[in-house]
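A.B. asks: Here is a sequence with its predicted model. Questions after.
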Amino acid sequence: MAVFKPTNNFNLLKTGSVVFITTSTPFSEQAEIFVLDELITYREVSTNFWVLPARRREREPVPSALESGLIGHVVSPALLSFEIVWGALRVLCRQPRAVVRQVGGILRHSGSKRNLVNNLLSFPKALWLADFVLTYKVEHIHAYWLSHTATIAMVAADLSGVPWSGTGYRWDIESSNHMRAKFASATFLRCADELGRDDMTRLRTIYGTDTKLVMVRTGVHLPSRDSWSHTPVDINWFVCAGTFVPRKQQELLVRAFALHLQRHPTARLELIGDGPLRQRVAQLVQELGIGSAVAFRGTLPLEQLRAILRQRPISVLPSIITDAAEQEGIPVVLIEAMANGSPIVSTPTGSIGALVLEECGLLVEPGIVESLADGLALVAAEPLRAKLWADRAYDRLGAEFDGKVCARRLADLISSTSHQSSTP
């Protein structure tokens, strides 16, 4: 395996280059898997970009970043490195009033202590990025998430005079992190699902801005149908992939699966992922006495997850709207299941219903153990119907969720707004 070495080939940048800001990609095996996948796909559309993680969760990048060549686009100076400090001081000396103005905005409008801490910790990197943008004539900055990553983008854009944009997903839209200023200054804000679009439209009205909002889906790699169509659906194998958090409802799934086992004793369930509720779910499995039929796989690389899905288990995601009003957008794991031939059992919460249309999967009533158990039983009883769901689900993805098409749309948006901003 190749070893990561920080790049310094900045002079290879061409006019029109872009900097993408992530929270940690590609230095995280768990977080932002879909962002990593999108950037790898983006590289097939354009190679004239750089990736700047706000911080590293791990010392080395994930293997897929090395294997794909994405790592050659990553610039990742340590937060307290000489490089960051020197670049930040250069900008401070050039524009002291503008820097103070940005600090003041962060202190007043971060919205919460957690946002404030993240914004302030990221501020030196924002100043460094402004210097980087000016030095290497970057023409656009795009932030994944409207959190502290977008704060970095907004500050660097203001201090360098280049346009910026951002992609909002779910919690970050609701975070109130300096959001009025972000809506006022971004050239466009991207959402990936209907729920995000509705939330952004509401905020735009509240803030009284004319921010351009665009829908560009989170796309996935669409393999050939032949990669899975000759494998029969396994109606005894259920898979749930996702972070162990309240809205994913792995606990409810385990209870429903225990009921299902009473009628189908050969069934098995695999739970893929990690998170704060994993231990609680594992304890429930033992209490119900179904440990021999339930496996915890932990977090898996995306390619390994795709290989599992192509073996055609039933993908289950019994999401709910929590008491704190947390809900799904369009879970990428469901898009991956549809792309790889795995029939779906889920719920019509959040934007899931906009993805899993009629006859593309089974949507059951959320939060009801018996309803989910009946859904598992229906799939087990009608394998031909499950196969039909999978076929129609694959057709439903089409160009709307094709990763390469989505990357091209994002590239075209960035290019057009950059050119508009540079036109006298």
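C.D. replies: Cool, the structure landed. Residues are numbered from 1 along each chain as shown.
A.B. asks: so what's residue 59 closest to, chain neighbours aside?
C.D. replies: residue 27 (7.6 Å; CB to CB, 6 or more residues apart in numbering). Backbone N, C-alpha and C define where each C-beta goes, glycine included.
A.B. asks: For residue 385, see how far away that neighbour is.
C.D. replies: 43 Å (CB to CB, to the nearest Å).
A.B. asks: These two: which is more packed in?
C.D. replies: Neighbour count, other CB atoms under 10 Å: between residue 27 and residue 385, residue 27 has more, with 23 against 15.
A.B. asks: tell me the contacts of the more buried one?
C.D. replies: Residue 27 sits next to 53, 56, 57, 58, 59, 60, 61, 62, 76 when contact means CB atoms under 8 Å, 6 or more residues apart in numbering.
A.B. asks: so which strand or helix has it?
C.D. replies: Under the criterion DSSP states H and E, no helix or strand holds residue 27.
A.B. asks: The one 3 residues further on now?
C.D. replies: Counting by DSSP H and E, there is no helix or strand that carries residue 30.
A.B. asks: That one is in contact with residue 300, isn't it?
C.D. replies: No: counting by CB atoms under 8 Å, residue 30 stays clear of residue 300, with 9.9 Å between them.
A.B. asks: Tell me where this structure has strands.
C.D. replies: Taking DSSP state E, the strands of the chain run over residues 18-22, 49-53, 140-144, 164-168, 188-191, 213-215, 237-241, 268-272, 294-298, 314-317, 344-346, 362-363.
A.B. asks: related to what we said a few turns ago, measure the residue nearest to residue 59 to residue 36 for me?
C.D. replies: 10 Å.
A.B. asks: Which neighbours do these two have in common?
C.D. replies: Jointly contacting residue 27 and residue 36 under the rule CB under 8 Å, 6+ apart are residue 62.
A.B. asks: For residue 81, which of the strands of the chain is the nearest?
C.D. replies: Residue 81 lies closest, by CB to CB, to one member of the strands of the chain: strand 49-53, at 13.3 Å.
A.B. asks: where are the low-confidence patches of the protein?
C.D. replies: For the chain, residues meeting the criterion pLDDT under 70 lie at 1-16, 418-424.
A.B. asks: Which parts of it belong to which domain?
C.D. replies: When the chain is parsed with automatic domain parsing, its domains come out as 10-219+403-422, 225-397.
A.B. asks: quick one: terminal-to-terminal distance for the shortest one?
C.D. replies: Distance between the boundary residues of domain 225-397 (CA to CA, to the nearest Å) amounts to 12 Å.
A.B. asks: Does anything pack onto the longest helix seen in the chain? Which helices or strands?
C.D. replies: Scanning the chain for the longest helix, with DSSP state H as the assignment, gives helix 113-136. Contact here means 3 or more CB pairs under 8 Å, 6 or more residues apart in numbering; DSSP states H and E; on that basis helix 113-136 packs against strand 18-22, helix 82-94, helix 96-109, helix 148-160.
A.B. asks: how about a markdown table for these, with distance to residue 133 and mean neighbour count added?
C.D. replies: Listed next are the helices and strands packed on helix 113-136 as a markdown table, based on distance: least, CB to CB, whole Å; neighbours: other CB atoms under 10 Å:
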| stretch | distance to residue 133 | mean neighbour count |
| --- | --- | --- |
| strand 18-22 | 7 | 26 |
| helix 82-94 | 10 | 16 |
| helix 96-109 | 14 | 15 |
| helix 148-160 | 4 | 27 |
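A.B. asks: May I see those organised as CSV, with distance to residue 265 added?
C.D. replies: CSV is the format used below for these (distance: least, CB to CB, whole Å):
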stretch, distance to residue 265
strand 18-22, 45
helix 82-94, 59
helix 96-109, 58
helix 148-160, 48
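A.B. asks: so which of these comes closest to residue 129?
C.D. replies: helix 148-160 (3.9 Å).
A.B. asks: about what we covered before: counting neighbours, which of the contacts of residue 27 end up buried?
C.D. replies: The neighbour count (16 or more other CB atoms under 10 Å) marks 53, 56, 61, 62, 76 as buried among those.
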